[in-house]
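Novice: What would the 3D arrangement of this be:
(chains A and B)
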Amino acid sequence: MINVTKEQKGEVLVVRLSGSIEESVNFDQLIGPPPPDLHVNCKEVSRINSAGVKAWIKYFQAAAAKGTKLRFLECSTAIVEQINLISNFVVTGEVESIYVPFSCTSCKAELIALFKTVDLKANGLTAPELKCTKCSGNAVFDDIEEEYFGFLSR
Amino acid sequence: MEKTLLLISADPQDQAFAAEVAVQTGQSLRVIADPKAAMAVIAEGSATTIFADVSTARLYTTLESAIQETVGLFSDRINANTIHFLSTPDLQECTYLKDSPIFGNFVLKNYGDPVEAGAHYSRIVRASLSDRAFGLKTLLSADGKIQPIQLQVSSQKQEAVEAVKKYLIAAKVHSRMANVVANAVDELIMNAIYAAPADDLGKPLLNATARNTLIKLEGRNAIEASVGFDGKYVAFSAADKYGSLDKAKLIQHLSKVYTEEEYKLKTNVAGAGLGLATLFRWGGSFLFSTEAGNRTEVTFFLKRFASYKDFKKQFRFVSTQYYL
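Specialist: All right, here's what the predicted structure looks like:
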């Protein structure tokens, strides 16, 4: 079940999605008529099923067709996976930032870190090593770079 | 007559893989690189299992032509359930397999350790040699725990999905792997509820029904679901009582790639047509067992890894078992 919080920031409507997106989602009701500028924060989207993908594309395609400028921020790993799998998942929108998964080589903790896509591109689509927030060990990128960052080179 | 696993391949990795499967399933191994030469073994009827390297279109068409010219594609010597295509490219890249009349099983040759992969895959081969390849027990080790999931109405699906996810996270399964399994539970239950019901002619009954429509899961609409975990492998299965799964459509769904063409919304069907393709891209393996008009059981399973990167690179396969 998805929850949506909305915040108007000047001309921009910022919506924050949290939870899982599935067949019960109704973006028309949750977000309302698409505004001229829509920023979608996906940090807390844990999962999206196929019916949720269909509803997502339907809403954002209609929004883009009406001229809405779309920007997706803080995309969770679940959202990044969909962006990589479906070429038109973000329609005409811009992906500003994504969460990148890491794994600690010492304590095996699962970690995520936020990166701006522009910085990832500047870094040659590679993730830097990080310090584990739990044990200070080395944390390395835990996915396949060509796949996880694939959408950035499309 | 002695049971023979016939391997048609010149790849040493395939030989190590097949040798282990043969040992585990009590079959003798015969390796013949040339498809035409291998037809003699098929013609004499001793090949109980056939493994064939189909990594290129040429290898596949040579195999298909050899079968066509000797025993025939629809001969009683050819049972797609026991034919296993071994391929270096993934299924979506093997466009020449999409319309194959002898498609039964597809193995992606990222063996890692071919002996370990063979030991794992021998469960599928054993199941394919049985009367009916149903049930999670055949796919997990003997000490695996299998938990049935009871659903009375379709709206209980999400509770089941979240319960399985919590169970796996409590068992220290990587959270993204637990998410993949949660999505498998979601998609397979949704397919069993909404995609499986069909009339006697195979026409879908709920094709246009919205996926949040409440359906009572009773009578022929009842579904069976269970999740299993043996410490090393996680498996989930969902079964319906229609046995309506169409193999050609299934292969098309699994092969679909939405990175090269846009996903197009269809307004005349309620399903998205994305679920199986997405699951297959993420990693993990499938066993589809269908007894026509009676039962379809779809099992999704994957090996547990400490890292998601290793999980995505794991050895995997798709098995389809059809019974008339």
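Novice: so which helix or strand takes in the residue lying closest to A:Ile21 once chain neighbours are set aside?
Specialist: Leaving aside its sequence neighbours, A:Ile21 sits nearest to A:Gly52 (C-beta to C-beta, 6 or more residues apart in numbering or on different chains; 3.5 Å). Placement of C-beta: from N, CA and C, glycine included. Per DSSP states H and E, A:Gly52 falls inside helix A:50-65.
Novice: Counting by contacts, list what that helix packs against.
Specialist: Packing contacts for helix A:50-65, counted by 3 or more C-beta pairs under 8 Å, 6 or more residues apart in numbering or on different chains; DSSP states H and E, involve strand A:12-21, helix A:27-30, strand A:69-73, helix B:175-190, helix B:275-282.
Novice: same thing but 6 Å
Specialist: If contacts are counted by 3 or more C-beta pairs under 6 Å, 6 or more residues apart in numbering or on different chains; DSSP states H and E, helix A:50-65 sits against no helix or strand.
Novice: what does chain B put close to chain A?
Specialist: B:175, B:179, B:186, B:211-212, B:258-259, B:262-263, B:265, B:272, B:274-275, B:278, B:281, B:306-309, B:312 (C-beta under 6 Å from any C-beta of the partner chain).
Novice: just the buried members of these?
Specialist: B:175, B:179, B:186, B:211-212, B:258, B:263, B:272, B:274-275, B:278, B:281, B:307-309, B:312 (16 or more other C-beta atoms under 10 Å in any protein chain shown).
Novice: returning to that earlier point: tell me the mean pLDDT for the helix holding A:Gly52?
Specialist: Average pLDDT, helix A:50-65: 94.
Novice: would you list every one of the strands in chain B?
Specialist: Using DSSP state E, the strands found in chain B span residues B:4-8, B:28-31, B:47-53, B:83-87, B:105-108, B:145-149, B:224-229, B:233-240, B:285-291, B:295-303, B:316-323.
Novice: Note down every partner strand of the fifth one and its orientation.
Specialist: Sheet pairing of strand B:105-108 (DSSP bridges) gives strand B:83-87 (parallel), strand B:316-323 (antiparallel).
Novice: Need the nearest residue in space to B:Leu151, chain neighbours excluded.
Specialist: Once flanking residues are discounted, B:Leu151 sits nearest to B:Leu217: 5.3 Å by C-beta to C-beta, 6+ apart.
Novice: ok, that neighbour to chain A distance?
Specialist: 16 Å (C-beta to the nearest C-beta, to the nearest Å).
Novice: residues contacting that residue?
Specialist: By C-beta atoms under 6 Å, 6 or more residues apart in numbering or on different chains, the contact set of B:Leu217 is B:Leu151, B:Gln152, B:Ile223.
Novice: Which of these are buried? Put it as a ChimeraX command.
Specialist: A single ChimeraX command is used to select the members of the contacts of B:Leu217 judged buried by 16+ other C-beta under 10 Å:
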select /B:151,223
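Novice: Return the distance of A:Met1 relative to chain B.
Specialist: For A:Met1, the distance to chain B (C-beta to the nearest C-beta) stands at 7 Å.
Novice: I'd like the distance between B:His84 and A:Ser46.
Specialist: 36 Å (C-beta to C-beta, to the nearest Å).
Novice: Compare those two (neighbour count), which wins?
Specialist: B:His84 (25 against 19; other C-beta atoms under 10 Å in any protein chain shown).
Novice: wait, doesn't the more buried one sit right on B:Ala52?
Specialist: No. Counting by C-beta atoms under 6 Å, B:His84 does not reach B:Ala52; the two are 7.3 Å apart.
Novice: A:Lys121 belongs to a strand, doesn't it?
Specialist: No. Assignment of A:Lys121 by DSSP: H, G, I helix; E, B strand; the rest coil gives helix, placing it outside any strand.
Novice: Return the residues in contact with it.
Specialist: If a contact means C-beta under 6 Å, 6+ apart, then A:Lys121 has A:Leu152 as its contacts.
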